[in-house]
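Trainee: any chance you could fold what I've pasted below:
(one chain, ligands or ions: 1)
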Amino acid sequence: MSGNSVIPPQELRLHAPLLDAYLRYFEDGITSFSTPGHKQQAALLDLGLGKVVDADIPLYGGLDEMKLTNGTLAAAEKLAAECWNADWARFSTGGSTHGNQALILAIATPGAKIAITRTAHRSLISALVLGGVEPIWLTPEIDEATGIPLGISTAELSRALEHSPTAVFLTEPGYLGTLSPLRELIDLTHERNIPIIIDQAWGAHFGFHPGIPPHAMELGADAMVTSIHKNLPGYCAASLVVANTTRISAARLEQSFEATHTTSPAGAPLASIDGVRALMQLRGHELIQNLLQNIAHFKNDLKEHFGFDLFIDPDRFAPGSFDATKLVIQTHHFGGDGVAIERALTSHGVRVEMADRDTIIPIVTVADDERSFTILANALKASIIAQAPRAVATALSWRISPTFGVSIREAFFSSSEMVSAVEAAGRISADLIAPYPPGVPVVTPGEVLTQEILSGLAEVAAEGVRIAYSTDPTLATYRVLEK
Ligand SMILES: Cc1ncc(COP(=O)(O)O)c(C=O)c1O
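Mentor: Here you go, the predicted structure:
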């Protein structure tokens, strides 16, 4: 196993203006007479509360002066733009959810059509409601051997381009680590002189090592959103939006970003984006090299133990089409129930990102070390009991083909009523409903609740998966549009 060397505490801040400003705030011992109301001394009121809030400083009057006279945020964002081959960058404390909203608003005109990956995250669907945009769905191909979505083919995008979308918005990588042939899709889109935007929430580490895919901007995308807290060691909900402003207006980007962002951004998430950017620029190659080595060692150890490969093999995909740091366990190989295994893992003190009957995903990042890999390996050995293999299955989120009823926006603002699950068949959904994770909608507002969807949701819920965003989480009733 490989370990990461630790950078001395003073070093990274030399390359990261916001991180430096964050640390300096505490060193300077400022006495605050502005928000936040905890004044970094809530511990005087309650030790537990102090632990939660006393490391919190704001952007305004924290990372920078109240009137932003130091230009610290702008300096850090410029460094990020340079790092991700862009000419515009903003840091968000609202997650890639906010990034998706800002990007859709930046390219939307009400009623416009945008070609969108059907397996997009629910945040993109909400963005469509805000922007009044209609999707032209792009359906990913399914890999027969693994049952997982492979990405969007050039043929599928060409079909959608025939319907004259004003932009293309892809989700890359998908939740299970696969990527479309992005360079070709970007070229195809640009032949029409329209922008292509990538939700790369799960690819913030891309581009820092040849063993993992290049990031979307490197491949020529017009804009990209990525979560710094998913695959890199950033603060929760810390997200980065970058763009090249030849096909997208910088003024519209700015307006759209601000329209949907808080006016009180917390300093720690912003400083973490800056610190992570600097860390990856200085040491990204070395850290990902170590991560890849640890993954190889970990997988070999488990293969020796079980006598078969637990994980989807990255080598079965074309170069650049799979994130080699993604660990996807497919339980059909050994006949196990992913939800039961997740429970067993929890009893061993291990929490994974996602589990349904057929899939378990533990997230590993550059912050994992030999110790954490060993804990995960031991917990998997103790939790998985091989039984008879079963046929590969494709999860509900990947196999649904939607039936259009009315536009997403029309449905969102329409009058609705609750009906029983039986009565819901054939009615138009007022809710977005998604197993979570991955948060990929099985039905969006405006789509028809088919029998396949209703039975599929009931089945997944019975397996112990959380069904998110339905008004009635028990699924006994559904919120549908009034007739
Ligand atoms: C593809 C994708 N985009 C966007 C998001 C939203 O990201 P965040 O949770 O940072 O708001 C997610 C969250 O899981 C996601 O999977």
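Trainee: centroid-nearest residue for the protein?
Mentor: Nearest to the mean C-alpha position of the chain, by C-alpha atoms, centre = their mean, lies residue 201 at 3.5 Å.
Trainee: for residue 56, give me its contacts.
Mentor: 36, 38, 40, 266, 267, 268 (C-beta atoms under 8 Å, 6 or more residues apart in numbering). For every residue, glycine as well, the C-beta is placed using N, CA and C.
Trainee: what's the pLDDT at the residue lying closest to the second one once chain neighbours are set aside?
Mentor: The shortest distance from residue 38 to any residue other than its chain neighbours is 4.4 Å, reached at residue 53 (C-beta to C-beta, 6 or more residues apart in numbering). For residue 53, the pLDDT comes out at 98.
Trainee: my guess is residue 53 meets residue 44, correct?
Mentor: No - between residue 53 and residue 44 there is no contact under C-beta atoms under 8 Å: 11.6 Å.
Trainee: can you pick out the residue with more neighbours from the two?
Mentor: Higher neighbour count among residue 53 and residue 44: residue 53, with 17 against 11, using other C-beta atoms under 10 Å.
Trainee: mind checking how far the more buried one is from the ligand?
Mentor: According to C-beta to the nearest ligand atom, to the nearest Å, residue 53 and the ligand sit 21 Å apart.
Trainee: can you name the residues that contact that residue?
Mentor: 36, 38, 40, 42.
Trainee: which one of those is nearest the ligand?
Mentor: Lowest distance from the ligand to the contacts of residue 53 (C-beta to the nearest ligand atom) belongs to residue 36, with 22.0 Å.
Trainee: from what I can see the closest one touches residue 58, true?
Mentor: Yes - between residue 36 and residue 58 there is a contact under C-beta under 8 Å: 6.1 Å.
Trainee: who's more crowded, those two?
Mentor: Ranked by neighbour count (other C-beta under 10 Å), residue 36 and residue 58 place residue 58 first, with 20 against 17.
Trainee: got CSV for the contacts of residue 53, with distance to residue 305 and pLDDT too?
Mentor: Formatted as CSV, those follow (distance: C-beta to C-beta, whole Å; pLDDT from 0 to 100):
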residue, distance to residue 305, pLDDT
36, 49, 97
38, 48, 98
40, 48, 96
42, 47, 98
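Trainee: before we move on, the earlier item: common neighbours of residue 36 and residue 58, please.
Mentor: residue 264.
Trainee: for the ligand, what is the nearest residue in the stretch 351-483 of the chain?
Mentor: For the stretch 351-483 of the chain, C-beta to the nearest ligand atom, closest residue to the ligand: residue 439, 5.1 Å.
Trainee: for that residue, what are phi and psi?
Mentor: phi 80, psi 20 (degrees, to the nearest 10).
Trainee: that one: how many residues sit nearby?
Mentor: So residue 439, with other C-beta under 10 Å, has 19 neighbours.
Trainee: could you do residue 224 as well?
Mentor: 31.
Trainee: ok, it to residue 447 distance?
Mentor: 28 Å (C-beta to C-beta, to the nearest Å).
Trainee: likewise residue 320?
Mentor: If you go by C-beta to C-beta, the gap between residue 320 and residue 447 works out to 33 Å.
Trainee: now residue 61
Mentor: In terms of C-beta to C-beta, residue 61 sits 46 Å off from residue 447.
Trainee: output stretch 109-129 as PDB, restricted to C-alpha atoms.
Mentor: The C-alpha coordinates for stretch 109-129 follow below in PDB (Å, rounded to 0.1, in the frame of the first residue of the first chain):
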ATOM      1  CA  THR A 109     -34.700  31.100 -22.900                       C
ATOM      2  CA  PRO A 110     -38.100  30.100 -21.800                       C
ATOM      3  CA  GLY A 111     -39.500  27.300 -24.100                       C
ATOM      4  CA  ALA A 112     -36.000  26.500 -25.500                       C
ATOM      5  CA  LYS A 113     -35.100  22.900 -26.000                       C
ATOM      6  CA  ILE A 114     -31.900  21.500 -24.500                       C
ATOM      7  CA  ALA A 115     -30.500  18.000 -25.200                       C
ATOM      8  CA  ILE A 116     -30.000  16.400 -21.800                       C
ATOM      9  CA  THR A 117     -28.800  13.000 -20.500                       C
ATOM     10  CA  ARG A 118     -31.900  11.200 -19.200                       C
ATOM     11  CA  THR A 119     -29.900   9.900 -16.200                       C
ATOM     12  CA  ALA A 120     -29.200  13.400 -15.100                       C
ATOM     13  CA  HIS A 121     -29.300  14.200 -11.300                       C
ATOM     14  CA  ARG A 122     -32.500  15.600 -10.000                       C
ATOM     15  CA  SER A 123     -30.900  19.100  -9.500                       C
ATOM     16  CA  LEU A 124     -30.800  19.500 -13.300                       C
ATOM     17  CA  ILE A 125     -34.500  18.700 -13.500                       C
ATOM     18  CA  SER A 126     -35.300  21.400 -11.000                       C
ATOM     19  CA  ALA A 127     -33.100  23.700 -13.000                       C
ATOM     20  CA  LEU A 128     -35.300  23.000 -16.000                       C
ATOM     21  CA  VAL A 129     -38.400  24.100 -14.000                       C
END
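Trainee: point out where the protein drops to low pLDDT.
Mentor: 1-3, 5-9 (pLDDT under 70).
Trainee: quick one, domains of it?
Mentor: In terms of domains, the chain is parsed into 12-280, 289-383, 396-481 (source: automatic domain parsing).
Trainee: distance between the second one and the chain's centre?
Mentor: So the one you mean is domain 289-383. 19 Å (C-alpha atoms, centre = their mean, to the nearest Å).
Trainee: report the buried residues of stretch 177-197.
Mentor: Under the neighbour-count criterion of 16 or more other C-beta atoms under 10 Å, stretch 177-197 has 177-182, 185-186, 188-190, 194-197 buried.
Trainee: contact residues of the chain facing the ligand?
Mentor: Neighbours of the ligand within the chain, by C-beta under 6 Å from any ligand atom: 95-97, 100, 121, 123, 171, 175, 199, 201-202, 227, 237, 239, 439.
Trainee: drop anything exposed from those.
Mentor: For the residues of the chain next to the ligand, a burial check counting by 16+ other C-beta under 10 Å picks out 95-97, 100, 121, 123, 171, 175, 199, 201-202, 227, 237, 239, 439.
Trainee: ok and the residue in the protein nearest the ligand?
Mentor: Among the residues of the chain, residue 95 lies nearest to the ligand; the distance is 2.3 Å by C-beta to the nearest ligand atom.
Trainee: which residues does that residue contact?
Mentor: Contacts here follow C-beta under 8 Å, 6+ apart; on that basis residue 95 touches 123, 227, 229, 236, 237, 238, 239.
Trainee: name the nearest residue to the last one, sequence neighbours excluded.
Mentor: Right, residue 239. residue 92 is the one closest to residue 239 (C-beta to C-beta, 6+ apart), at 4.3 Å.
Trainee: and what of the fourth one?
Mentor: Taking C-beta to C-beta, 6+ apart, and ignoring the residues beside it in sequence, residue 236 has residue 229 as its nearest neighbour in space, at 5.0 Å.
Trainee: assign a three-state SS to the one you found, would you?
Mentor: The three-state label given to residue 229 by DSSP: H, G, I helix; E, B strand; the rest coil is coil.
Trainee: so it sits against residue 240, correct?
Mentor: No - using C-beta under 8 Å, residue 229 makes no contact with residue 240, being 10.5 Å away.
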